[in-house]
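> Need the 3D shape of this:
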Amino acid sequence: MTLWTSADIATATNGAASAAFDVSGVTFDSREVGPGDLFVALTGETTDGHKFLDQAFERGAAGAIVSQDTPHPNVRVPDTFAALEALAKASRARTSARIVGVTGSAGKTGTKEALFAALDRSPAKSAHRSVKSYNNHTGVPLSLARMPANVDYGVFEMGMNHPGELAHLTTLVRPHVAIVTAIAPAHAAFFPDESAIADAKGEIFQGLEPGGVAIIPYDSPHRERLGAAAAPYAARIVTFGIDEGADVRAIEAVKAANGGTFVTARVGERELSYTVSQPGKHWVSNSLAVLAAVDAVGGDLALAGLALADLGGLAGRGARFSVEVKGGRALVIDEAYNANPASMRVTLAVLGEEAATRKIAVLGEMRELGDKSDDYHAGLAGPVRDAGVQLVILVGEKMQPLADALEGQVEIVHVPDAAAARDRLMATLEAGDAVLIKGSNGVGLAAVVAALASGKM
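Sure thing, here's the model as predicted:
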């Protein structure tokens with residue numbers, strides 16, 4: 001199916017096409033190019049996509065957006081990044097889809113994936129969403145440029161680590177519904193306090209379309225602040241949460257046999273019972289945000305409940321698998337993609353609910369936490385104890401305050417990097433163990449997960 005023609009691209013970007021071609025996808029990573037794709041040759045401080053044009057076309061690219069001479073079919077523009085944004089704006093302009101934007105300090109990727117599954121469940125409707133965690137200044141326009149013109153729904157994740165970033169991204173997405181999942185001290189090094197983080201997340205509401213809906217967490221201490229940020233732009237503000245007073249709230253939440261949660265929720269004047277397949281209280285909260293958004297765009301709540309029951313674990317964000325070890329098998333909980341104090345706490349609580357012979361936590365340091373980093377790391381001692389962790393493998397220098405806080409209470413192994421963590425874990429893993437692996441993405445704990453998943457123990 002044709003996503004863009006060369007003429008469409010040239011019109012959107014004010015560029016010049018060297019030849020006629022059609023593309024079925026868009027990417028700026030030459031390693032991800034597939035047959036029929038458009039390759040956008042972005043230039044940056046450390047790399048230049050033009051160096052990979054031959055590789056992209058060897059992999060099947062049908063055309064490229066370039067700012068330099070090339071013999072390959074292309075649309076020539078002065079600035080390839082500006083052209084990607086222009087293509088994103090053209091994609092947004094040509095669709096009649098209902099658009100949802102999702103941000104938050106934690107839970108945004110899971111909520112985005114669950115919302116996509118809920119909206120795409122109907123055989124009569126189709127949905128598009130950001131893939132992976134393409135939520136920054138390049139990922140958001142790429143995700144928009146990839147959206148087919150005839151979908152019914154679009155779900156886009158938006159992230160930030162500095163003030164002003166979301167204010168720009170939301171003008172590209174122009175959501176009809178904007179969700180803030182939670183506020184926590186992620187990227188705290190770039191903000192004076194959590195209130196400033198809430199203000200930066202609240203920028204998402206600035207791009208709301210006329211008549212738009214803002215969805216905010218009722219249980220958050222920043223609820224009023226987020227509501228004030230939404231008020232000038234939203235025709236309606238909907239809250240979600242556990243506490244009474246939330247517009248969409250969980251009346252009852254009971255642990256289900258599969259490790260998930262059976263929830264009875266009230267959505268306005270209606271009640272809905274459903275199962276959330278993913279374990280943890282944070283997933284109950286995510287599910288309520290999903291229901292609020294489905295309702296706001298006129299989707300089917302019953303189908304949303306079915307989608308939440310079928311949702312699988314996401315790699316790096318709660319995916320589970322077992323590995324064969326001497327004498328049996330051990331459970332691995334993959335939360336290796338990223339970490340902040342709030343997400344560390346909730347995932348440690350999930351580990352605490354596991355019935356295991358021994359509970360192991362491999363915790364990588366949390367980055368971009370500023371001058372309160374030591375306090376945030378040391379503050380994880382309570383959640384580690386409460387989870388019943390018997391062995392904690394701490395990775396990175398910034399984990400020293402947690403090692404000090406836990407001394408004499410649990411078995412501690414403190415290692416410098418992911419490779420050392422992998423070696424220590426593999427040397428100690430036994431049948432009946434449950435191991436949580438979580439840390440900031442830069443620590444590289446995904447390599448530990450990959451080593452376990454490969455079965456090479």
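> Any regions of this structure where pLDDT drops low?
Where the chain drops to pLDDT under 70, the residues are 456-457.
> For the residue nearest to the spatial centre of it, list the residues it contacts.
Nearest to the mean C-alpha position of the chain, by C-alpha atoms, centre = their mean, lies residue 109 at 2.2 Å. Residue 109 is in contact with 133, 135, 157, 314, 317, 337, counting by C-beta atoms under 8 Å, 6 or more residues apart in numbering. Placement of C-beta: from N, CA and C, glycine included.
> so of those residues, which ones are in strands?
Residues of the contacts of residue 109 located in strands (DSSP state E): residue 157.
> neighbours of residue 164, just the number please.
Residues near residue 164, counting by other C-beta atoms under 10 Å, number 10.
> Can you tell me how far it is from residue 174?
Residue 164 sits at a distance of 17 Å from residue 174 (criterion: C-beta to C-beta, to the nearest Å).
> my guess is residue 356 contacts residue 329, does it?
No - using C-beta atoms under 8 Å, residue 356 is not in contact with residue 329; the gap is 11.1 Å.
> Tell me how far residue 171 lies from residue 423.
48 Å.
> Sorry, wrong one. I was asking about residue 312.
In terms of C-beta to C-beta, residue 312 sits 30 Å off from residue 423.
> Over to residue 242?
41 Å.
> So for the two, which sits in the more crowded spot?
More crowded of residue 242 and residue 423, by other C-beta under 10 Å: residue 242, with 16 against 13.
> what secondary structure does the nearest residue to that one once chain neighbours are set aside sit in?
Excluding its sequence neighbours, the residue lying closest to residue 242 (C-beta to C-beta, 6 or more residues apart in numbering) is residue 250, at 5.3 Å. Here residue 250 is strand, with the state taken from DSSP: H, G, I helix; E, B strand; the rest coil.
> Now for residue 250, how many residues are close by?
For residue 250, using other C-beta under 10 Å, the count is 22.
> Over to the one 3 residues further on?
Other residues lying near residue 253 total 19 when counted by other C-beta under 10 Å.
> So what sits opposite it in the bridge?
Note on residue 253: beta-bridge partners by DSSP bridges are residue 263.
> so who does it touch?
Contacts of residue 253 by C-beta under 8 Å, 6+ apart are 242, 261, 262, 263, 264, 281, 284.
> These into TSV, with extra columns for distance to residue 49?
Listed next are these as TSV, based on distance: C-beta to C-beta, whole Å:
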residue	distance to residue 49
242	46
261	44
262	48
263	45
264	51
281	43
284	42
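> Just the buried residues out of those, in ChimeraX syntax.
Entered in ChimeraX, the line below selects the buried ones among the contacts of residue 253, by 16 or more other C-beta atoms under 10 Å:
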select :242,261,262,263,284
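> Closest to residue 79 out of the contacts of residue 253?
residue 284 (44.9 Å; C-beta to C-beta).
> what about that closest one, which SS state?
At residue 284 the chain is in helix, as set by three-state DSSP.
> Verify the stated contact: it with residue 242.
Yes - when contacts are counted by C-beta under 8 Å, residue 284 is listed as touching residue 242 (7.3 Å).
> what touches both of these two?
In contact with both residue 284 and residue 242: 250, 253, using C-beta under 8 Å, 6+ apart.
> residue contacts, residue 346?
106, 280, 281, 282.
> hmm, try it at 6 Å
280, 282 (C-beta atoms under 6 Å, 6 or more residues apart in numbering).
> Surely it is in a strand?
No - counting by three-state DSSP, residue 346 falls outside a strand, being helix.
> Would you mark the buried spots in the host helix or strand of residue 374?
Here residue 374, judged by DSSP states H and E, is contained in helix 373-378. Of the residues in helix 373-378, 373, 376, 377, 378 count as buried by neighbour count, 16+ other C-beta under 10 Å.
> Let me know the secondary structure of residue 287.
For residue 287, the assignment made with three-state DSSP gives helix.
> how many neighbours does it have?
33.
> Helices along the stretch 101-250 of the chain, start to end?
For the stretch 101-250 of the chain, the helices defined by DSSP state H, counting those that start in this stretch cover 108-119, 139-145, 165-173, 194-201, 223-230.
> next one: the second one to chain centre, how far?
The offset between the C-alpha centroid of helix 139-145 and the centroid of the whole chain comes to 14 Å, using C-alpha atoms, centre = their mean, to the nearest Å.
> and what of the first one?
Its chain's average C-alpha position is 9 Å from that of helix 108-119, according to C-alpha atoms, centre = their mean.
> Just the C-alphas of it, formatted as CSV.
Extracted C-alpha coordinates of helix 108-119, given in CSV (Å, rounded to 0.1, in the frame of the first residue of the first chain):
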residue,chain,number,x,y,z
LYS,A,108,3.5,6.4,28.9
THR,A,109,4.8,3.6,26.6
GLY,A,110,2.7,0.9,28.3
THR,A,111,-0.4,3.2,28.2
LYS,A,112,0.3,4.0,24.5
GLU,A,113,0.5,0.3,23.6
ALA,A,114,-2.6,-0.6,25.6
LEU,A,115,-4.6,2.3,24.1
PHE,A,116,-3.5,1.3,20.6
ALA,A,117,-4.6,-2.3,21.3
ALA,A,118,-8.0,-1.1,22.7
LEU,A,119,-8.7,1.1,19.7
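> Next, the angle from that helix to helix 194-201.
With axes from the mean of the first three to the mean of the last three C-alpha atoms, to 10 degrees defining the directions, helix 108-119 sits at 40 degrees from helix 194-201.
> looking at it, residue 288 is touching residue 240, isn't it?
Yes - in this structure residue 288 lies within contact range of residue 240 using C-beta atoms under 6 Å: 4.0 Å.
> Find residues that contact each of the two.
Counting by C-beta under 6 Å, 6+ apart, the residues touching both residue 288 and residue 240 are residue 248.
> need the contact list for the residue nearest to residue 141 when sequence neighbours are not counted.
Of all residues beyond its chain neighbours, the one nearest residue 141 is residue 88 (3.6 Å), with distances taken as C-beta to C-beta, 6+ apart. By C-beta under 6 Å, 6+ apart, the contact set of residue 88 is 141, 144, 145, 172.
> Spell out which residues sit in contact with residue 429, please.
325, 330.
> Phi, psi for it please.
phi -60, psi 130 (degrees, to the nearest 10).
> on that earlier part again, columns neighbour count and distance to residue 390 on top of the contacts of residue 109, output as TSV?
TSV is the format used below for the contacts of residue 109 (neighbours: other C-beta atoms under 10 Å; distance: C-beta to C-beta, whole Å):
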residue	neighbour count	distance to residue 390
133	18	32
135	23	36
157	31	36
314	19	27
317	20	25
337	22	25
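> Output the contacts of residue 109 in CSV, with distance to residue 407 appended to each entry.
Output for the contacts of residue 109, formatted as CSV (distance: C-beta to C-beta, whole Å):
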residue, distance to residue 407
133, 35
135, 38
157, 39
314, 34
317, 31
337, 29
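> Going by distance to residue 246, which of the contacts of residue 109 wins?
residue 157 (22.9 Å).
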